[in-house]
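**Student:** predicted model follows, preceded by the sequence.
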Amino acid sequence: MNKPLERHKLVFIVNPAAKNGYCLKIWKRLEKKLSDVQYEVYFTEKEADGVELATNTANDAVSSVLIVAVGGDGTIHEVINGVIDFPHVTIGYIPAGSGNDFARGFRLPANPEKCIEFILKWIDSSGVDYDAGFYELGNGQCGYFVNSIGAGFDAVITKKANSSELKKWLNVFSLGKLIYAFYLVTEIFRYRPSTLEIFVDGKTKVYNKTWFVTISNQPYYGGGMQIAPLADPKDEKLNVVVVHELSRLKLLFLFISVFWGGHLKNKEVDSYKGKEITVRFYDSKPIHADGENIGETPIHIRVCPKSWRLIQNPDKLPPKK
Ligand SMILES: Nc1ncnc2c1ncn2[C@@H]1O[C@H](COP(=O)(O)OP(=O)(O)OP(=O)(O)O)[C@@H](O)[C@H]1O
């Protein structure tokens with residue numbers, strides 16, 4: 001007989017389309033590891049299903065529930081948007097997407113099988129409370145993010161990558177994350193940097209010829225780039241990084257140094273922390289939240305301290321910055 005869990009009801013929300021359909025194969029392998037555990041599983045069928053399934057699961061649960069998202073950063077983004085501030089919900093995550101920056105930033109195992117073992121090992125622990133960010137666009141559209149928000153050039157790259165046929169082919173060889181590098185090189189000659197006005201906790205800063213600004217809860221985005229090495233999802237602040245006034249060639253080199261966080265040494269890169277941020281470009285620019293395109297600037301953002309809980313190895317938390 002399947003073993004009932006002590007603390008939690010266990011529910012999986014699987015995006016079979018993540019990693020261009022490879023996620024479903026990953027799930028079939030994971031099922032074998034769950035043969036003596038009681039659980040429910042739901043599959044997303046289209047965009048935003050993850051939000052609805054997570055909210056319904058939280059509303060239906062009579063007591064503590066562990067909701068495990070299986071997919072990429074878009075899937076965990078949707079699941080957390082569905083259950084933020086539900087005190088009886090704990091989140092688990094199994095990385096089965098192309099980029100998997102959430103797993104990197106929150107120090108979860110990169111291998112899906114290792115990750116399910118990890119979740120089953122820590123399932124009856126209390127979990128760890130983390131911050132999220134809340135955003136609101138000029139048109140009133142709003143939501144939460146757990147990795148980062150980016151406005152400007154990086155959102156252009158994300159937009160291209162998300163609708164790319166090439167990404168499907170790269171995913172066949174597990175190289176899907178290279179898509180960001182590809183569009184970085186092709187779009188750098190088209191993009192026009194412009195003036196950014198940013199309000200952080202009551203102070204205003206203006207940057208000329210700005211390529212992009214990111215507001216991060218954890219350090220990684222774009223498939224392993226350490227854009228905000230100082231971001232800490234437990235410090236009740238968000239990390240702003242502005243890249244401005246540099247040549248196209250220097251920007252290319254800067255993106256290489258982003259993989260180890262070396263870009264912060266450049267005078268054209270400004271990094272600081274804040275709790276409440278408004279971003280306005282003189283001409284409106286696209287925005288992504290956790291790698292999903294959400295609209296255009298202006299955008300207002302604030303930190304939501306300790307607003308969701310993650311199943312985590314208490315000895316291996318993201319380092320304090
Ligand atoms: N059944 C489905 N068919 C098509 N799209 C879906 C389905 N279920 C969810 N989606 C959408 O798939 C999108 C991408 O999912 P996700 O980000 O998890 O995978 P990925 O793009 O492969 O990974 P990553 O974001 O880590 O690169 C999400 O925006 C989600 O709304």
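**Tutor:** Structure received.
**Student:** every contact and neighbour count from this point should use C-alpha atoms.
**Tutor:** Fine.
**Student:** pull the helix or strand with minimum mean pLDDT from this structure.
**Tutor:** When the helices and strands of the chain are scored by mean pLDDT, DSSP states H and E, helix 165-172 comes last with a mean of 71.
**Student:** what about stretch 48-55 and the ligand, touching?
**Tutor:** Yes - Stretch 48-55 is in contact with the ligand by CA under 6 Å from any ligand atom, via residue 48.
**Student:** now do that stretch: distance to the chain's middle.
**Tutor:** 16 Å (CA atoms, centre = their mean, to the nearest Å).
**Student:** now the helices for the stretch 201-321 of the chain?
**Tutor:** Assigned by DSSP state H, counting those that start in this stretch, the stretch 201-321 of the chain shows helices spanning 248-257.
**Student:** now do the strands for it: every range, in order, please.
**Tutor:** Assigned by DSSP state E, counting those that start in this stretch, the stretch 201-321 of the chain shows strands spanning 203-216, 238-244, 269-274, 276-281, 286-289, 292-296, 299-310.
**Student:** in the following helix or strand past the least confident helix or strand of the chain, which residues are buried?
**Tutor:** Remark: after helix 165-172, the chain's next helix or strand is helix 178-187, criterion DSSP states H and E. Neighbour-count burial for helix 178-187 flags 178, 179, 180, 181, 183, 184 (criterion: 16 or more other CA atoms under 10 Å).
**Student:** ok, residue 184 - contacts?
**Tutor:** Residues counted as contacts of residue 184 (CA atoms under 8 Å, 6 or more residues apart in numbering) are residue 157.
**Student:** that older thread, possible to save the strands of the stretch 201-321 of the chain as JSON lines with mean pLDDT and mean neighbour count?
**Tutor:** Supplementary listing: these in JSON lines, determined by pLDDT from 0 to 100; neighbours: other CA atoms under 10 Å:
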{"stretch": "strand 203-216", "mean pLDDT": "98", "mean neighbour count": "19"}
{"stretch": "strand 238-244", "mean pLDDT": "98", "mean neighbour count": "25"}
{"stretch": "strand 269-274", "mean pLDDT": "97", "mean neighbour count": "17"}
{"stretch": "strand 276-281", "mean pLDDT": "98", "mean neighbour count": "20"}
{"stretch": "strand 286-289", "mean pLDDT": "97", "mean neighbour count": "25"}
{"stretch": "strand 292-296", "mean pLDDT": "94", "mean neighbour count": "19"}
{"stretch": "strand 299-310", "mean pLDDT": "97", "mean neighbour count": "21"}
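**Student:** so which of these gets nearest the ligand?
**Tutor:** Among these, strand 292-296 comes nearest to the ligand, with 6.4 Å by CA to the nearest ligand atom.
**Student:** what angle separates the closest one from strand 276-281?
**Tutor:** Interaxial angle of strand 292-296 relative to strand 276-281 (axes from the mean of the first three to the mean of the last three CA atoms, to 10 degrees): 70 degrees.
**Student:** packing partners for strand 292-296?
**Tutor:** helix 153-162, strand 286-289 (3 or more CA pairs under 8 Å, 6 or more residues apart in numbering; DSSP states H and E).
**Student:** what comes into contact with that strand?
**Tutor:** Strand 292-296 has contacts (CA under 8 Å, 6+ apart) with 74, 137, 151, 155, 158, 159, 162, 284, 285, 286, 287, 288.
**Student:** what's the spacing between the spatially closest residue to the third one that is not a sequence neighbour and residue 299?
**Tutor:** When you say that, I think you mean residue 151. Using CA to CA, 6 or more residues apart in numbering and skipping residues adjacent in sequence, the residue nearest residue 151 is residue 287, 4.4 Å away. As judged by CA to CA, to the nearest Å, residue 287 and residue 299 stand 9 Å apart.
**Student:** following the strand or helix carrying residue 78, which helix or strand comes up?
**Tutor:** In the assignment (DSSP H and E), residue 78 maps to helix 73-83. Counting by DSSP H and E, the next helix or strand C-terminal to helix 73-83 is strand 89-95.
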